[in-house]
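> structure of the sequence below:
(chains A and B)
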Protein chains: 2
Amino acid sequence: MTADADGSFDDVIAAVRERVDPSATERASLGEAALQLIEDAQDAIDDLDVDADVIQVGSTARGTWTAGDRDIDIFVRFPPDLPRGELERYGLQIGNAVLPNGHEEYAEHPYVKGEFEGYDVDLVPCYRVPSASDIQSSVDRTPFHTEYVERHLDGDLAVDVRLMKQFLKGIGAYGSDLRTKGFSGYLTELLVLEYGGFRETLESARDWQPPVELDPAGHGTTEHDDPLVVVDPTDPDRNVAAVVSHRNVARLQHHAREFLADPTITRFFPEPTAPLDVDAVRDHLDARGTTILAVVFDAPAVVEDQLYPQLYRSRDGLVRGLEDAGFDVLRAATWAEDRAVLFVELAVADLPAIERHGGPPVHVDDHARGFYEKYAGTVEGPSNGVADAVYGPFIDDEGRYVVERERDVRTAAGFARERIFDVALGAHVESALEAGYDVLVDDDAAELAGEFGIQLAAYFSPTP
Amino acid sequence: MTADADGSFDDVIAAVRERVDPSATERASLGEAALQLIEDAQDAIDDLDVDADVIQVGSTARGTWTAGDRDIDIFVRFPPDLPRGELERYGLQIGNAVLPNGHEEYAEHPYVKGEFEGYDVDLVPCYRVPSASDIQSSVDRTPFHTEYVERHLDGDLAVDVRLMKQFLKGIGAYGSDLRTKGFSGYLTELLVLEYGGFRETLESARDWQPPVELDPAGHGTTEHDDPLVVVDPTDPDRNVAAVVSHRNVARLQHHAREFLADPTITRFFPEPTAPLDVDAVRDHLDARGTTILAVVFDAPAVVEDQLYPQLYRSRDGLVRGLEDAGFDVLRAATWAEDRAVLFVELAVADLPAIERHGGPPVHVDDHARGFYEKYAGTVEGPSNGVADAVYGPFIDDEGRYVVERERDVRTAAGFARERIFDVALGAHVESALEAGYDVLVDDDAAELAGEFGIQLAAYFSPTP
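Residues are numbered from 1 along each chain as shown, chains lettered A, B, ... in the order given. A predicted model of the protein is given here:
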């Protein structure tokens, strides 16, 4: 990083461009590789004697990739009346012909992923539909996006798109995968097109009052309940920003505001997070005076776009379950490496032997009598030991029956051991837990630093 | 209690009547005493040469007292145009003449209280207004109540009123004082008149669906926001049951239902509560696994109708203050003997070093920036000791800034020591606390059994 990189907006931009604008060599090399791939695919089509054409899509097709990205996306388009089974079969045949060392992957339908001259190549079959409203699968939309951007984006704005992408990467909000829930490349392009540049996009985002709705083609037809709505210029029903979380919208706004007030290159290229060790985690726990509960299990072997929604759902389910049982959660997280962890930090992890249990209003005759009779016969107080202690029924200030009865679970760890299958879990997470899990508390949980040191560092130094 | 007293409804009623119907001797003796008091008051009026008359009011005037009650209420009525100062002066002169050993007390205006032939006598001055709607002070209403009840209640129903009063006493819901917030004698009479008897009143109360509105004279003019409304037959604006708490309405419903299903005399005459000793309180605390916080101070020297609303307000204020500070209250109470106590039982009495502190949404420009700047400069984490630890700011799932900052008070006892004057307190309670108070926790709080053993027994064996 050069000394003048933090001097002014323009200095910072210049320094960033040095790192994100692809060199002439990089462009030429990528262009040649893409051309070769298209030719190879066309040859394979000819060999099969099917009706199909080949196009390059994605940021490397649009000229908006940032230097060093090595992804080439090649789509093979078939007629829309081709049966899906045949499309999949042809698609794989062509893919395997072009990328003989590749392997098959599965999104909405199978495709081939492989390496070619050092580039990561996806070779994807899709339908050549008349418009993006007629798609049969979401990949059918991609060619329309590429075409739209190619038609509207001139060379200068591609620079701004690259800056915006790198900015979003730097703040951790780039990527429409379900782990990040951030800004896709296409969305970034649409924003820069709409606002007319990188700086203009930051200035606009800084001033957003969500929900924000943009409709570049002026043809939106649907109400969207999202903090950011960007109607797809190629499909009036679709919000390109549907996946962007409220938090990521706010993060862009925060970083735009801070960057415009004080431009620094570290917002594009932050220092990597140094992992915490076990002792550092313990120091944090001592200082915070909280209790850590970690549920640790083997990470389910599914793709990240399946895994993370399930981890998030499971984390939220565990938090809600704990709170419904009377524990008080300060913050929670979930991470996956070889193992996965549901990580919950509790302000209150221990509860008394009894809990208040509210019944119906006294005047709700049958229901009220049933509640009263159920508890009135039980032995009161500690004389018979805690196990059977029920205090009451008595009547509260609002005229409802109340008892104080034995609490099922008195510790958060006990809840995780005995009740975890009562909470909402992702399906694969549930299976993984059924195969076995560890419940770690406090000092034992600090040992997670061995596998999750970076995540713990981020957790204990939370930033916008 | 006789063996057949729990056999049937009629058997129980017969047994109760043996204890609540005044004997012929008691009636005669009380009648003679009342007559003598009226004559003495009339003589005093004549001596003063003022325009006034004398009447007996209250349950002993209406024949609805329960055996052993020894209260006689004598009202001296002055013309409504008499200045208030003169009414008070004459009233006290007459009272002191009739009850030379009496003393002056103060309600809305002063009156004389004394003993006469073993009876507790109130001699109260009031205005002889044309109707209960024209009253100048609430005591002016009383003669109208007595007149109304005398006109409508025949001898048989007086029996039912006595049963109903004793029932309400037995369940702890009798008395319109601000400690009990229960059913007054006049309200009890109106209910029995309305429903036509004791049994009928219980059967009706059992089936109430609050809010319940009765208007015996069919002349109500005002909306009341009370669970039980009984429009005063002598004043269309007034709810005779205004003071009755939701809880006491529900308690009457509960006990009516239970008694009608299983009549027992103990509902009229319950066993007195045996006080708990210190060890028994500790046993309860061990079994419940809760934390007791007791704020103990000298009881303010004010009448109960001033004291208890202030104690209730202070108890509620302390509970709300604790909960706002993050503690979790299971139940609370307040009692007064020579000392008074705000007694709070906590499910959670200890909290971590840090607390979550939510800020504004990121997009609320100036406010958001101010929040961020305030905390962004502070040192993060435990490195500089807990005192300065601020974690964040970061952004939550709803797009708001959040920090985790040092918590002011980590224990409920600390809250009571440092923050009690921040909560809503009754004025005299506040003064008493300013003069000094003790904060007792758990085993130390159990020592309260010495002064509050009966209250603690009721607290730890809560009943409807």
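
> quickly list what residue A:293 is bridged to.
For residue A:293, the beta-bridge partners are residue A:344, residue A:441 (DSSP bridges).

> can you give me the neighbour number for it?
26 (other C-beta atoms under 10 Å in any protein chain shown). No exception for glycine: its C-beta is placed from N, CA and C like everyone else's.

> and residue A:259, by the same measure?
21.

> all helices for the stretch 151-300 of chain A, in order.
Assigned by DSSP state H, counting those that start in this stretch, the helices in the stretch 151-300 of chain A fall at A:155-170, A:185-195, A:198-207, A:246-261, A:278-288.

> tell me the most buried of these?
Comparing the helices of the stretch 151-300 of chain A by mean neighbour count (mean count of other C-beta atoms under 10 Å in any protein chain shown), helix A:185-195 ranks first with a mean of 23.

> send me that helix as CSV with only the CA atoms.
Only the C-alpha atoms of helix A:185-195 are listed here, as CSV (Å, rounded to 0.1, in the frame of the first residue of the first chain):
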residue,chain,number,x,y,z
GLY,A,185,-22.1,-9.3,-9.4
TYR,A,186,-25.2,-8.6,-11.6
LEU,A,187,-26.7,-6.5,-8.7
THR,A,188,-23.5,-4.6,-8.4
GLU,A,189,-23.5,-3.8,-12.1
LEU,A,190,-27.1,-2.7,-12.0
LEU,A,191,-26.4,-0.3,-9.0
VAL,A,192,-23.4,1.2,-10.7
LEU,A,193,-25.4,1.6,-14.0
GLU,A,194,-28.4,3.1,-12.1
TYR,A,195,-26.3,5.6,-10.1
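
> that helix to helix A:155-170, inter-axis angle?
Angle of helix A:185-195 versus helix A:155-170, following axes from the mean of the first three to the mean of the last three C-alpha atoms, to 10 degrees, is 120 degrees.

> what angle do helix A:185-195 and helix A:198-207 make?
Going by the same axes, to 10 degrees, helix A:185-195 makes 90 degrees with helix A:198-207.

> residues in contact with helix A:185-195?
A:58-59, A:62, A:64, A:145, A:149, A:152-153, A:157, A:160-161, A:164-165, A:168, A:174, A:176, A:183, A:198, A:201, A:203-205, A:214, A:216, A:230, A:233, A:240-241, A:244 (C-beta atoms under 8 Å, 6 or more residues apart in numbering or on different chains).

> and if you look at stretch A:425-438?
Against stretch A:425-438 from outside (C-beta under 8 Å, 6+ apart): A:294-300, A:302, A:306-307, A:309-311, A:313-314, A:317, A:340, A:420-421.

> which SS class is residue A:50?
coil (DSSP: H, G, I helix; E, B strand; the rest coil).

> for it, which non-adjacent residue is spatially closest?
In space, and not counting its chain neighbours, residue A:50 is closest to residue A:90: 5.5 Å by C-beta to C-beta, 6 or more residues apart in numbering or on different chains.

> before we move on, what about residue A:442?
residue A:292 (5.5 Å).

> any idea how far that neighbour lies from residue A:311?
17 Å (C-beta to C-beta, to the nearest Å).

> list the contacts of the residue nearest to the spatial centre of chain A.
For chain A, residue A:179 is the residue whose C-alpha lies nearest the centre (C-alpha atoms, centre = their mean; 2.4 Å). Residues counted as contacts of residue A:179 (C-beta under 8 Å, 6+ apart) are A:304-305, A:307-308.

> pLDDT value on it, please?
For residue A:179, the pLDDT comes out at 96.

> still on that earlier bit, in strands, which of the contacts of residue A:179 fall?
Nothing among the contacts of residue A:179 maps onto strands, per DSSP state E.

> which one (most neighbours) among those?
For the contacts of residue A:179, neighbours tallied by other C-beta under 10 Å; top is residue A:307, 21 neighbours.

> correct me, but that residue touches residue A:300?
Yes: the pair residue A:307 and residue A:300 qualifies as a contact (C-beta atoms under 8 Å) at a distance of 6.2 Å.

> and the residue of the stretch 101-250 of chain A that's closest to chain B?
residue A:250 (3.4 Å; C-beta to the nearest C-beta).

> okay, now the sheet partners of the strand or helix carrying residue A:114, with direction.
Remark: residue A:114 resides in strand A:110-116, with elements defined by DSSP states H and E. With DSSP bridges as the test, strand A:110-116 is paired with strand A:103-106 (antiparallel), strand A:119-127 (antiparallel).

> is it true that residue A:203 touches residue A:256?
Yes: using C-beta under 8 Å, residue A:203 is in contact with residue A:256, at 7.4 Å.

> what are the contacting residues of stretch A:208-218?
So stretch A:208-218 is contacted by A:190-191, A:193-194, A:220, A:224, A:226-231, A:233-234, A:236, A:246, A:249-250, A:253, B:363, B:399 (C-beta under 8 Å, 6+ apart).

> for it, measure first residue to last.
One end of stretch A:208-218 to the other measures 19 Å (C-alpha to C-alpha, to the nearest Å).

> and it, what's buried?
Residues A:208, A:210, A:212, A:214-216 are the ones in stretch A:208-218 that count as buried (16 or more other C-beta atoms under 10 Å in any protein chain shown).

> then stretch A:440-455?
Buried, per 16+ other C-beta under 10 Å, within stretch A:440-455: A:440-442, A:445-446, A:448-449, A:451-455.

> so among those, where is pLDDT lowest?
Lowest pLDDT among the buried residues of stretch A:440-455: residue A:442, 90.

> that one against residue A:284, yeah?
No: using C-beta under 8 Å, residue A:442 is not in contact with residue A:284, being 11.3 Å away.

> if we can go back for a sec, what's the separation between the residue nearest to the residue of the stretch 101-250 of chain A closest to chain B when sequence neighbours are not counted and residue A:462?
Among residues not flanking residue A:250 along the chain, residue B:399 sits closest, at 3.4 Å (C-beta to C-beta, 6+ apart). Distance, residue B:399 to residue A:462, by C-beta to C-beta: 15 Å.

> one more: residue A:220?
Residue A:220 is 36 Å from residue A:462, by C-beta to C-beta.

> residues near residue A:53, how many?
So residue A:53, with other C-beta under 10 Å, has 14 neighbours.

> the host helix or strand of residue A:457 to helix A:278-288, inter-axis angle?
Taking DSSP H and E as the definition, one finds residue A:457 inside helix A:449-460. Interaxial angle of helix A:449-460 relative to helix A:278-288 (the same axes, to 10 degrees): 40 degrees.
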